[in-house]
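Chemist: Turn this into a model:
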Amino acid sequence: MSVIDRLGKKLSSSSAVMRLISNDRVMQVATGLMDARGRLEAAKERASEAWSILLNGHALPTIDPALEGGDDVVGAAKKSPAPAEKPAEPKANGATNGAAAHAKTNGAATNGAAAHAPTNGEAGSGEATSTEAPKPAGPGSAAEEKLAQQMASRTSLSRIGGRDVFEKCYKFMTADNARAMGVYPFFRPLDFNNGPEAQLEGRKVIMLGSNNYLGLTTHPKVREAARNAIDKYGTSMTGSRLVNGSMRLHNELEEKLAAYHGKEAGLVFTTGYQVNIATISALLSNKKSVAVIDKDDHASIYDGVRLGQAAGARMVRYRHNDPEALDQALAELDTSEGALVITDGVFSAQGEIANLPGIASVVKKHKARLFVDDAHALGVIGPGGRGTAAHFGVADQVDLIGGTFSKSLASIGGWLVGERKVLDYIQHFASSFLFAASAAPPCVAAAMAALEVMQEEPERQEKLRENFTYMRNELRRLGFELGKTETAVIPIYIRDDLRTVMMWKTLLDEHSIYVNPFITPGVPPKQQVLRTSYMATHERHHLDRALEAFEKVGKKFGVIS
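Modeler: Numbers count the residues shown, from 1 in each chain. Modelled structure (predicted):
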């Protein structure tokens with residue numbers, strides 16, 4: 001082991017150093033030093049690793065690519081995004097470095113997430129950590145302090161290499177430890193989920209963690225459509241759309257989606273994640289192509305861009321939801337480069353709506369193209385639930401709109417609408433579309449039925465808006481910080497990893513309220529939230545019971561007074 005490695009391990013295990021590096025100002029200074037141009041090229045890799053150990057305590061890798069650094073973001077140095085509301089001052093002990101990660105939602109995975117939880121082990125040592133399960137007590141207890149220390153001493157496993165690629169797997173103890181401690185919040189299997197309520201491990205819970213915005217997964221018409229499709233077509237086409245996997249059913253839904261959005265053509269995919277992978281990689285096909293993306297775009301967008309980069313395309317990120325920063329980014333492109341601007345319509349972690357009028361105006365000014373991922377907007381905003389572009393009346397200025405079946409459309413699959421020639425090109429040049437099995441008949445039929453119900457029962461969208469507006473107003477009245485949310489996704493900012501996990505656990509164990517905890521590295525430091533989402537099928541008694549629980553737990557953990 002090198003001197004730098006031994007020093008890094010010793011420093012990372014020191015409580016004094018951990019306190020020092022959790023200080024925001026120290027982190028900023030250290031980050032600046034890391035990026036100093038005078039680093040010797042030959043020592044670059046080792047120096048970077050050493051600084052990473054010093055700064056992050058062998059941090060687990062960031063799961064969401066939107067969170068990887070920020071120096072390359074156009075507009076980042078000009079001004080830093082300020083929180084919409086003043087954050088509450090911490091009143092209980094807790095770690096500022098986290099242990100679990102959630103990837104932003106979209107597609108069938110909808111926040112496809114990888115989870116990492118607390119560990120005791122020294123970074124990179126490969127030693128098994130303790131699985132003794134302490135009993136978490138009240139805020140500031142010894143058990144919580146121990147958990148905080150474990151969360152701050154995470155092991156970065158992804159960089160472990162050697163002859164056996166499984167080595168890092170055997171050394172991964174963090175999730176096991178969290179399960180043993182009873183604080184592991186991910187991959188919890190539900191017994192069933194009927195919408196506003198679910199059953200988890202034999203007990204009923206109020207579901208505030210689902211993207212079933214219109215509550216259509218259990219609608220009689222949607223269920224019947226899926227059953228009839230199985231009876232008529234079977235469970236799968238067992239082939240790709242290119243060969244034997246295309247059916248009239250696919251074409252029918254594509255036509256309906258195009259007409260619904262006022263576009264020339266539509267294309268149905270197997271998952272929503274695949275929509276972004278396929279569309280972006282097909283269009284970013286050479287060294288003259290540039291993806292210009294919002295810093296907070298969904299992980300599937302980043303993955304699509306990475307495939308484009310393999311073909312020589314470039315990626316430029318602009319400051320979150322800022323048309324001025326986008327204008328600067330596009331102005332700096334070479335005149336020979338073609339830009340595809342990509343943004344979420346509704347940002348899945350914040351519930352914030354994209355400034356699409358401003359973005360579309362800048363895109364038009366620079367003669368670029370615009371692609372909007374409307375996964376969390378369909379059925380939630382816009383006339384008839386048509387999404388972000390319709391919400392602002394700029395649908396004619398958006399070239400491509402895509403999304404998923406797995407939210408308002410109550411199924412699994414994805415969709416894209418736009419010009420016929422563009423979609424025709426994508427379906428012939430996107431490998432992830434050409435060589436993937438087609439969407440299953442019952443999934444396509446269910447989504448088509450949900451699209452029909454969404455138009456036949458507009459009161460569902462009205463009820464959804466009524467529900468999330470009520471919750472947003474009441475949570476703010478109680479003193480919670482909610483950011484800039486305007487939709488059915490309402491994040492409750494806790495800004496501390498340990499407190500976020502403990503509040504999640506208390507809400508579930510003591511009040512039977514199911515929410516989603518987002519902690520670092522899945523979100524940046526100080527951005528930890530309890531992400532809640534609401535449905536048209538929630539009744540007022542569900543919401544009031546949740547508010548009562550939030551108030552009690554918020555006061556218990558010092559988040560509200």
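Chemist: how about N228, what does it touch?
Modeler: Contacts for N228 were tallied using C-beta atoms under 8 Å, 6 or more residues apart in numbering; they are A445. Where C-beta positions appear, they are placed from N, C-alpha and C, glycine not excepted.
Chemist: and it, how far is that from A449?
Modeler: 9 Å (C-beta to C-beta, to the nearest Å).
Chemist: For the helix or strand hosting K168, buried residues please.
Modeler: Using DSSP states H and E, K168 falls within helix 167-170. Residues K168 are the ones in helix 167-170 that count as buried (16 or more other C-beta atoms under 10 Å).
Chemist: after that helix, next one along is what?
Modeler: helix 174-181.
Chemist: now that following helix, how far from the centre of its chain.
Modeler: Computed by C-alpha atoms, centre = their mean, to the nearest Å, the chain-centroid distance of helix 174-181 equals 23 Å.
Chemist: Buried residues, the helix or strand just after that helix. List them.
Modeler: With elements assigned by DSSP H and E, the helix or strand that comes after helix 174-181 is strand 190-193. Residues N193 are the ones in strand 190-193 that count as buried (16+ other C-beta under 10 Å).
Chemist: what packs against the next helix or strand after strand 190-193?
Modeler: Counting by DSSP H and E, the element after strand 190-193 in chain order, helix or strand, is strand 197-200. Judged by 3 or more C-beta pairs under 8 Å, 6 or more residues apart in numbering; DSSP states H and E, the packing partners of strand 197-200 are strand 190-193, strand 203-207.
Chemist: Which of the ones you listed sits closest to G393?
Modeler: When the helices and strands packed on strand 197-200 are ranked by proximity to G393, the top entry is strand 203-207, at 33.5 Å, counting by C-beta to C-beta.
Chemist: by contact count, what packs against that closest one?
Modeler: With contacts taken as 3+ C-beta pairs under 8 Å, 6+ apart, strand 203-207 sits against strand 197-200, strand 513-514, helix 540-556.
Chemist: Only the buried residues of stretch 542-558, if you could.
Modeler: Those would be H542, L543, A546, L547, A549, F550, E551, V553, G554, K556, F557, G558, for stretch 542-558 by 16+ other C-beta under 10 Å.
Chemist: And stretch 410-425, by the same measure?
Modeler: A410, S411, I412, G413, G414, W415, L416, V417, G418, V422, L423.
Chemist: Repeat that for stretch 347-364.
Modeler: So for stretch 347-364, counting by 16+ other C-beta under 10 Å, buried means 347-356, 358-360, 362-363.
Chemist: now do stretch 376-394
Modeler: Going by neighbour count (16+ other C-beta under 10 Å), the buried part of stretch 376-394 is 376-382, 385-392, 394.
Chemist: Report the mean confidence score over that stretch.
Modeler: Averaging pLDDT along stretch 376-394 yields 98.
Chemist: Straight-line length of that stretch, end to end?
Modeler: Stretch 376-394 has an end-to-end distance of 18 Å (criterion: C-alpha to C-alpha, to the nearest Å).
Chemist: from the middle of its chain, how far away would that stretch be?
Modeler: Offset of stretch 376-394 from its chain centre (C-alpha atoms, centre = their mean): 20 Å.
Chemist: try stretch 315-322
Modeler: Computed by C-alpha atoms, centre = their mean, the chain-centroid distance of stretch 315-322 equals 17 Å.
Chemist: list the buried ones in that stretch?
Modeler: Buried residues in stretch 315-322, defined by neighbour count with 16+ other C-beta under 10 Å: M315, V316, R317, Y318, R319, H320, N321, D322.
Chemist: Include secondary structure, pLDDT and distance to R159 when you put these into JSON lines, please.
Modeler: Output for those, formatted as JSON lines (DSSP: H, G, I helix; E, B strand; the rest coil; pLDDT from 0 to 100; distance: C-beta to C-beta, whole Å):
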{"residue": "M315", "secondary structure": "strand", "pLDDT": "97", "distance to R159": "23"}
{"residue": "V316", "secondary structure": "strand", "pLDDT": "97", "distance to R159": "27"}
{"residue": "R317", "secondary structure": "strand", "pLDDT": "97", "distance to R159": "24"}
{"residue": "Y318", "secondary structure": "strand", "pLDDT": "97", "distance to R159": "29"}
{"residue": "R319", "secondary structure": "coil", "pLDDT": "96", "distance to R159": "30"}
{"residue": "H320", "secondary structure": "coil", "pLDDT": "96", "distance to R159": "28"}
{"residue": "N321", "secondary structure": "coil", "pLDDT": "97", "distance to R159": "33"}
{"residue": "D322", "secondary structure": "coil", "pLDDT": "97", "distance to R159": "33"}
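Chemist: Dump those residues into TSV; add distance to Q528 as well.
Modeler: Listed next are the buried residues of stretch 315-322 as TSV, based on distance: C-beta to C-beta, whole Å:
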residue	distance to Q528
M315	27
V316	28
R317	22
Y318	25
R319	21
H320	17
N321	20
D322	23
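Chemist: rewinding a little: worst average pLDDT in the helices and strands packed on strand 203-207?
Modeler: Per-stretch mean pLDDT for those is lowest at strand 197-200 (a mean of 94).
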